[in-house]
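*Asks:* all I have is the shape, not the residue letters:
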């Protein structure tokens, strides 16, 4: 021991912890911990939380108290709260006739055990006992003589009875700590008896209980919730398999036309964790400024709530650019959809190193350079002179629209006519029928569900589940848009089950 404390001992402090040698440390020894930048004031980065603004998130935090989670089947008594003097009589409630006993059976209920269950064995009587303590979530009031079933490590199911209830605070949303003791192992007669005495069967969902209205899910609601969540993942997987184009790393319609608006909707609606493999479609159109006026914006919490303000007309354009275009994407030369008065997405001009316009070929000669005599020639600053020189050297590139080039006020040959032509027929309604946009009862049943959800009418989860369950029956043309609307239907139905 004395040798270990000597100054010349091999157990001296590491050099990195000795301040007197900090400046002489070799590079490989790394930075000293005293050199690390620390945060002196933890509130400079807006670490405080407004409980009113983030009420839902604060409620969810209550679902993570200290302790180990155990999932049980809880039996809550359906009768007025009794006082402590008469509670001992309730301990023998299982021997009463079934008509005098009523339970609410809560499946998948969660308790938090701060400590492990204690096991005691009495050699004198050759009897053992299992007991413990647990915390119950806020706004749930346990009662003495409540029962819960829990599977033990030996594979048997124990019947535990609540023996004590302790309120941990005076607040309305406080936790309750319960004490429990194992009464017996569950037998077939006891199981059948509890099943007969269970007049209500509910399912515990932590998020619904804490964030919603502290209610449990019914049997139908629990089954619908599970099926909707499962179908949502199936639709996402099916959509990627049908329409994801690996060449362009995005979704392409069955007719080969690119719809930039559904990519915006997908990236707002679907998490990358929901797809297998984890992919995120690329937006290959530079500007999608009119998305906020499309039907997809309404489905993603956009302020627009009136269908009269939604753009419904659509058209098909071709993305043009030039060899020097700064916005060239894989969409080059492909057709894409524009809804309403979308901003011009074509990229037909660029500038030189001085910020002056460079003459570019207006024709689809995407991979053919123009001659050096024309491109970025400092002496040729006049556009019309450059055009005349180019088409004089390359007469085969001359077209009918290039003949009046000598006119004084002739517009650029690549300039697009901004006047929007009137759209009629099929292109008068985008993604959905004209009856839907007009609110007509003639719309088909699927569109009627979407319309009712947008109008915030009462949601029927069973009806929504039936509508989206047919996603595999749709052909590619119908599925391209309907499966996306199905995601909206599912999310609204899940929200309804959560808060109603």
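*Replies:* That came through fine. Keep in mind the model is a prediction, meaning the values are calculated, not measured.
*Asks:* report the strands that pair with the one helix or strand residue 179 maps to, each with its relative direction.
*Replies:* Assessed by DSSP states H and E, residue 179 sits inside strand 176-185. Using DSSP bridges, the strands paired with strand 176-185 are strand 127-136 (antiparallel), strand 157-167 (antiparallel).
*Asks:* closest to residue 448 out of these?
*Replies:* Of all the strands paired with strand 176-185, the one in closest proximity to residue 448, counting by Cβ to Cβ, is strand 127-136 (43.2 Å). Backbone N, C-alpha and C define where each C-beta goes, glycine included.
*Asks:* just the pLDDT for residue 326.
*Replies:* You'll see residue 326 listed with a pLDDT of 60.
*Asks:* number the chain from 203, please
*Replies:* In the new count, where the first residue is 203, that last one comes out as residue 528.
*Asks:* where does the stretch 603-702 of the chain dip in pLDDT?
*Replies:* Filtered on pLDDT under 70, the stretch 603-702 of the chain yields the residue ranges 603-629.
*Asks:* circling back to that earlier point, hey, least reliable of the strands paired with strand 378-387 by pLDDT?
*Replies:* strand 329-338 (a mean of 88).
*Asks:* what's the following helix or strand after that one?
*Replies:* Sequence-wise, the next helix or strand downstream of strand 329-338 (DSSP H and E) is strand 349-353.
*Asks:* may I see the buried residues of that next one?
*Replies:* 349, 350, 351, 352 (16 or more other Cβ atoms under 10 Å).
*Asks:* nearest to residue 330 among those?
*Replies:* Of all the buried residues of strand 349-353, residue 352 has the smallest distance to residue 330: 16.2 Å, by Cβ to Cβ.
*Asks:* now the closest one. Nearest residue, chain neighbours left out?
*Replies:* Leaving out its chain neighbours, the residue that sits closest to residue 352 by Cβ to Cβ, 6 or more residues apart in numbering is residue 274, at 4.7 Å.
*Asks:* need the three-state assignment for the one you found.
*Replies:* Secondary structure, DSSP: H, G, I helix; E, B strand; the rest coil: residue 274 is strand.
*Asks:* can you give the domain ranges for this protein?
*Replies:* Domain assignment for the chain by automatic domain parsing gives 260-417, 425-550+627-702, 551-617.
*Asks:* what stretches of this protein score poorly on pLDDT?
*Replies:* Within the chain, the ranges that satisfy pLDDT under 70 run 203-267, 282-302, 372-375, 414-416, 504-507, 523-529, 545-629.
*Asks:* what about the helices in it?
*Replies:* Assigned helices in the chain, in chain order: 257-263, 289-292, 390-399, 408-413, 421-445, 462-471, 497-500, 585-595, 636-640, 647-656, 663-670, 678-701 (criterion: DSSP state H).
*Asks:* can I get those in TSV with mean neighbour count?
*Replies:* Shown next, in TSV, are the helices of the chain (neighbours: other Cβ atoms under 10 Å):
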stretch	mean neighbour count
helix 257-263	13
helix 289-292	14
helix 390-399	13
helix 408-413	19
helix 421-445	16
helix 462-471	20
helix 497-500	24
helix 585-595	15
helix 636-640	17
helix 647-656	18
helix 663-670	18
helix 678-701	19
